Each structure stands twice: as C-alpha cells, then as structure tokens.
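In: Turn this into a structure:
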Amino acid sequence: MVQDGGLQRRVIADLEEGVVEATGFAPWHNGQFMPNPAPVQLRRTLTLPQLLIMGVIFVQPTAPMPPFGAIHVVAKGHVVTVVLMALVAMLCTAISYGRMARAYPAAGSAYTYVGKEVHPVAGYLTGWSMLLDYVVNPLICTIWCASAARDLFPDVPQPVWIFAFAALFTVMNLRGIQATARTNQLLTIGMGVVIVWVLAAVLRYVLAVPDLSATTWVRPFYDPALFSWPAISTGASVAVLTYIGFDAISTLSEEVHNPRRNILLATVGTCLIIGALSAVEVYAAQLVWPPNEPFPNVDTAYVHAAGRAGGMLLFHVLTLTLVVATIGSGSGAHLAGARLLYGMGRDNTIPQGFFGVLHPRTRIPANNVILIGLACAAGGLLISYQLGAELLNFGALIGFMGVNLSALLHYWVRAEKRQWIHLAPPLVGLLICFYLWISLSRPAQIAGWSWVIAGLLYGAWKTRGFRQPMPRFEGGLE
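Out: The predicted model follows:
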C-alpha cells in the first residue's frame, strides 16, 4: 500500500492519464467514466513581449560575465568584437530556428529538424553531439562557482569547492529543489539592478582618468598591438557561449499567440537584446582593465574588473549574484541532462536497467543525477573552464549548423517557390557557424571529435550497421 500522500496522488493521476489515453474516457468524481470531449491541449496565452522576457530569462542578462575571462584570453582582449561577431551567426541561426518551428511546431529540437530534413543518421549525430552539452553545462557551472567561491574564501582549496558544488547540484536535484518561475524573474530583476550598478561605476571610473584620449574608447574594439585574426576567430567561437539558450523559445510554439510570426520574432529579438546587453557589459569591463594586464583569476575576470571600478562592495555583491544565478542554471542543466538520459534509457537507446528508472518516491532519475554529479566532480579537477566552454560550443555549433542546413533544404532546395530571403540567412548562418566550429582550439576539437566518433560507433552497433531505426533522443534535446 502507498503510504506517501503525494506519491499516492501522483499514482492516481498517472492511472487516470492512462485511462484517458487508452479509452478516450475521463474519470468522473464518483468513480464512473464519462466521454472525454476533446484532447487536452496547451493554451495559446503567450504574447510576443512575454516571449522576449522569457528569452532573456532563459539566456540570463549577465550571460557574458562568467566566460569573459576565457574569451579575453583567447581573443587577446577583443571581447566586444568577438561577441558582436558571434551575434551575426546567432541571428542567422535564430531566423532558421523560427522558420523550422513553423514547419514542425510540435518538435522544437535540432535533432528532429536534422533527422527529418537531412537524414536520420545526421539527426542522430546532431542529438549525440548536443548530448555532450547536457553534461558539460553543469560541469562548467561547477568550475565557475568553485572559482568564485575561492575568490571569497582563498584559504579553501579549489578541489574542495569543486566537490562542494557538484554535491550541491546533485543533492538539490535528488530532493527536487528547483527555482520557480517567480524566483527566476526576481533573480533577473536583481541581475538587472547589478548591471546598472556596474555600468555606472565603470562610467565614473573612466571619466575620472586624467588625460583621457579618444583611443581609450576605441581600443576594446581594435587594438593594433594585439589584433590577430586567428585569435579573433577562436575568441568568437568561445563567445557563442554568451547566447546559449536562445533556441529554447522554439519549443513554446504550442503556447504562443500567432506562433508562425511570434516565435521567429521572439527568437531573433532575444538574440538582439542579449547581444546588445553583452556588448555593453564587456565593453565596460574592457575600459577598466587593460588587455595586456593579467587577471588575478581568469575564470572570474569580470568580477575583478567590476571590483576595480566599484570597490569591494560591488565585487562581493556581483560575485554572490553570479554564484546564485549559476547555481540555478547549473542545477537546472544537471536535471535536464538526467531527464534526457532517462528518456533515452526508457526508449532503450542506452541501457534501460540503469538509465531508464525513476526513484519510487521522488520520481526523479536518481541514477542519472548521481552519474552527472560524479562527472562534474571529476571533470572539474581535470579540465579548465575555457576548455569546458569550448566543448559545450562544439556540440552547440553542430546543432546550429544542422538547423541552418535544415532550413536551407526545407525553404530553398525543396521549396516550390524559391525566395532569396529563404536562402541568405540559413546559408550565412551555416557558413559562419562552420567557421567558428573549426576555429575552436585543438584540445576542444580532439575531445569533441572523440565524442562524435564514439557516438558514431555506438549508433552503428545499436542499429547493426545502420540497417535498423536510429536511436532516439527524446525528453529534453531542444
């Protein structure tokens, strides 16, 4: 007998859902059944302004702050330049996402688009590549939180903080602790206040510099002493991390007023808003910190630049704000990865006995949560934040290339009536994303290709040489 009241209610709800699916009848309050007049559908309540707000929350207005140091190092100080370069690729990709959401309004995943428009094997490899993101995302959140905590408590060794945050993400997900929508909204407002504080402090700091020359304002965009095209290319490939998450809007097609129009506008609008915010934020930090001056801690470089402009109070407030925000996004990514592994295990894409089971009380894929937590703890000791960011972008850029290629095939190659507006954005997005992808550092390329080859071999074994249907990636690959 089920003793837990919450679990009992969930069991009853699941049984009722099963009855509705199997018979088309809905339970009546006295235990009898009545015909279910219509299938339950999502309500179309989201407007364009609401979608834009949700998009900014998905990506976070402080998105460029954690990777600022990693981008600064590889781009030789040209952070604002590479952030704007990455914006061009993301805008073209956002257009492709919006158009593919029209073609497949109930899908919303690069894996599905590529599988249907290109080839099932290409779709599988896209899903496998993006699966890497679901493990690396909480990993780099763990590394960054540990670095920030080390700044506040330098006597505690870095490995201790790595284990502490990996354990925190694991325990939060095992206990089902997740930020609510209201919490995310309040946190976004708080981040907005801190951003204004940072920008005001930077403006005051710069204007107080004696003999301020015109080159001071231009140097963040172009410093002739440090400019290098290979460095700019690699920097732009890392700067893609600033925009990760904008594509989540394409999964909301069934809840949006006029989705054919608003999904496209919201996806592009989110990229523009995040791009403008990011450019202003990193430009401000570059005005404060000369490009040839090393940071005390590269992982938390932005916080140190803000501290120079606004003092220790701003340093501590910004550090705590970013730690809280990163804990929220890290734990969410941790759970998303665990759910994706559960979906794959449930479909027997990967061993069902381990990955495809839920905890009987919490109904959480506990095995997967613990496995990802262990990966975060081990990975945090073995790789740097920069390499983790590049690994995440390796998988993300494969997905972005796949979406652009899918849009190109669907709206140009196979279209009955071809329009140039359907050719330029996906083609430009595909070419730029490909260039950024091959511009990733050699260690990231080696690790990323090792993952892809492993996936290809696994897929060949699972399908007996690709003669059977490809393994599925359901339950989270957006």
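In: where do the helices sit along the stretch 201-350 of the chain?
Out: Taking DSSP state H, counting those that start in this stretch to define them, one finds helices in the stretch 201-350 of the chain at 214-218, 229-239, 259-288, 301-346.
In: scratch that, the stretch 1-150 of the chain
Out: 5-23, 48-59, 68-74, 79-103, 110-117, 120-152.
In: next one: the third one to chain centre, how far?
Out: Think helix 68-74. Mean-position distance between helix 68-74 and its chain equals 19 Å (C-alpha atoms, centre = their mean, to the nearest Å).
In: any idea which of the helices of the stretch 1-150 of the chain scores lowest on pLDDT?
Out: Of all the helices of the stretch 1-150 of the chain, the minimum mean pLDDT falls on helix 5-23 (a mean of 36).
In: Tell me where the model's unsure across this structure.
Out: Flagging of the chain using pLDDT under 70 yields the residue ranges 1-45, 106-108, 177-182, 253-254, 473-478.
In: Against T81, how distant is the closest residue to L84 other than its chain neighbours?
Out: Of all residues not flanking L84 in the chain, A279 sits nearest, at 5.8 Å (C-beta to C-beta, 6 or more residues apart in numbering). Glycine gets a C-beta too; all of them are placed from N, C-alpha and C. Distance, A279 to T81, using C-beta to C-beta, to the nearest Å: 9 Å.
In: of those two, who's got more company?
Out: Neighbours were counted for A279 and for T81 using other C-beta atoms under 10 Å; T81 has more, 23 against 20.
In: coming back round to it: need the helices of the stretch 1-150 of the chain in JSON lines with distance to V218, can you?
Out: Shown next, in JSON lines, are the helices of the stretch 1-150 of the chain (distance: least, C-beta to C-beta, whole Å):
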{"stretch": "helix 5-23", "distance to V218": "60"}
{"stretch": "helix 48-59", "distance to V218": "28"}
{"stretch": "helix 68-74", "distance to V218": "17"}
{"stretch": "helix 79-103", "distance to V218": "11"}
{"stretch": "helix 110-117", "distance to V218": "38"}
{"stretch": "helix 120-152", "distance to V218": "30"}
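In: returning to that earlier point: what's near enough to touch the residue nearest to L84?
Out: A279 sits next to V80, V83, L84, L87 when contact means C-beta atoms under 8 Å, 6 or more residues apart in numbering.
In: Over to I350?
Out: So I350 contacts L341, M344, P471 (C-beta under 8 Å, 6+ apart).
In: May I ask you to confirm that the first one is in contact with N368?
Out: Yes: taking contacts as C-beta atoms under 8 Å, L341 lies within contact range of N368: 4.2 Å.
In: Next, show the common contact partners of these two.
Out: Contacts common to L341 and N368, judged by C-beta under 8 Å, 6+ apart, are F355.
In: Figure out which of the helices of the stretch 1-150 of the chain is closest to A266.
Out: helix 48-59 (3.6 Å; C-beta to C-beta).
In: Now the common contact residues for A279 and T81.
Out: Counting by C-beta under 8 Å, 6+ apart, nothing touches both A279 and T81.
In: For the contacts of A279, pick the one with the most neighbours.
Out: V83 (30 neighbours).
In: quick one: contacts for that one?
Out: P64, I71, A239, T242, G275, S278, A279, V282.
In: My read is that the fourth one contacts S278, right?
Out: Yes: here T242 reaches S278: they are 5.1 Å apart, a contact under C-beta under 8 Å.
In: who has more neighbours, those two?
Out: More crowded of T242 and S278, by other C-beta under 10 Å: T242, with 30 against 26.
In: Could you measure from that one over to Y342?
Out: 30 Å.
In: Also I383?
Out: From I383 to Y342 the distance is 26 Å (C-beta to C-beta).
In: Between those two, point out the one with more neighbours.
Out: Y342 (25 against 20).
In: Can you tell me the closest non-neighbouring residue to that one?
Out: P365 (3.8 Å).
In: What of A110?
Out: Among residues not flanking A110 along the chain, G399 sits closest, at 3.9 Å (C-beta to C-beta, 6+ apart).
In: what sits against R418?
Out: Residues in contact with R418, defined by C-beta under 8 Å, 6+ apart, are W412.
In: What of L408?
Out: Contacts of L408 (C-beta under 8 Å, 6+ apart): S96, L423, P426, L427, L430.
In: Let's see which of the residues you listed end up in helices.
Out: Counting by DSSP state H, these place S96, P426, L427, L430 in helices.
In: The second one: how many residues sit nearby?
Out: When you say that, I think you mean P426. There are 25 residues near P426, going by other C-beta under 10 Å.
In: next one: the first one
Out: Using other C-beta under 10 Å, S96 has 34 other residues around it.
In: How about I195?
Out: As a burial measure, I195 scores 20 neighbours (other C-beta under 10 Å).
In: Next, the angle from the helix or strand hosting it to helix 48-59.
Out: Secondary structure assignment for I195, by DSSP states H and E: helix 181-207. Helix 181-207 runs at 80 degrees relative to helix 48-59, counting by axes from the mean of the first three to the mean of the last three C-alpha atoms, to 10 degrees.
In: residues of helix 181-207 that come out buried?
Out: N184, L187, T188, M191, V194, I195, W197, V198, L199, A201, V202, Y205 (16 or more other C-beta atoms under 10 Å).
In: do you know how far the last one is from P105?
Out: Look at Y205 and P105: by C-beta to C-beta, they are 49 Å apart.
In: try the second one
Out: Note on L187: its distance to P105, by C-beta to C-beta, is 30 Å.
In: One more: the first one?
Out: Taking C-beta to C-beta as the measure, N184 and P105 are separated by 25 Å.
In: I'd like the contacts of A279 written out as CSV, with distance to G328 added.
Out: Below are the contacts of A279 laid out as CSV (distance: C-beta to C-beta, whole Å):
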residue, distance to G328
V80, 26
V83, 23
L84, 27
L87, 25
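In: Now for T270, how many residues are close by?
Out: Around T270 there are 27 residues (other C-beta under 10 Å).
In: How about the contacts made by the closest residue to it other than its chain neighbours?
Out: Sequence neighbours aside, G55 is the residue nearest to T270 in space, at 3.1 Å (criterion: C-beta to C-beta, 6+ apart). Contact analysis of G55 by C-beta under 8 Å, 6+ apart lists F246, A248, I249, A266, T267, G269, T270, I273, I274.
In: For PyMOL, write the selection for the buried entries among these.
Out: In PyMOL, a selection of the buried entries from the contacts of G55 looks like this (16+ other C-beta under 10 Å):
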select buried, resi 246+248+249+266+267+269+270+273+274
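In: what about C376, which helix or strand?
Out: Assessed by DSSP H and E, C376 sits inside helix 366-382.
In: where does that helix sit relative to the chain's centre, distance-wise?
Out: Computed by C-alpha atoms, centre = their mean, the separation of helix 366-382 from the middle of its chain amounts to 18 Å.
In: circling back to that earlier point, for C376, state which of the ones in helices among the contacts of L408 is nearest.
Out: S96 (31.6 Å).
In: right, and that closest one touches L427 too?
Out: No: applying C-beta under 8 Å as the test, S96 and L427 come out as separate, 9.9 Å apart.
In: hey, what's in contact with both of those two?
Out: N404, L408.
In: L313: neighbour count?
Out: 11.
In: secondary structure element for Q468?
Out: Counting by DSSP H and E, Q468 is part of no helix or strand.
In: Roughly how far does it sit from Q352?
Out: 17 Å.
In: now swap in M90 and tell me
Out: 37 Å.
In: With N297 instead?
Out: N297 sits 43 Å away from Q352, going by C-beta to C-beta.
In: No further questions, thank you.
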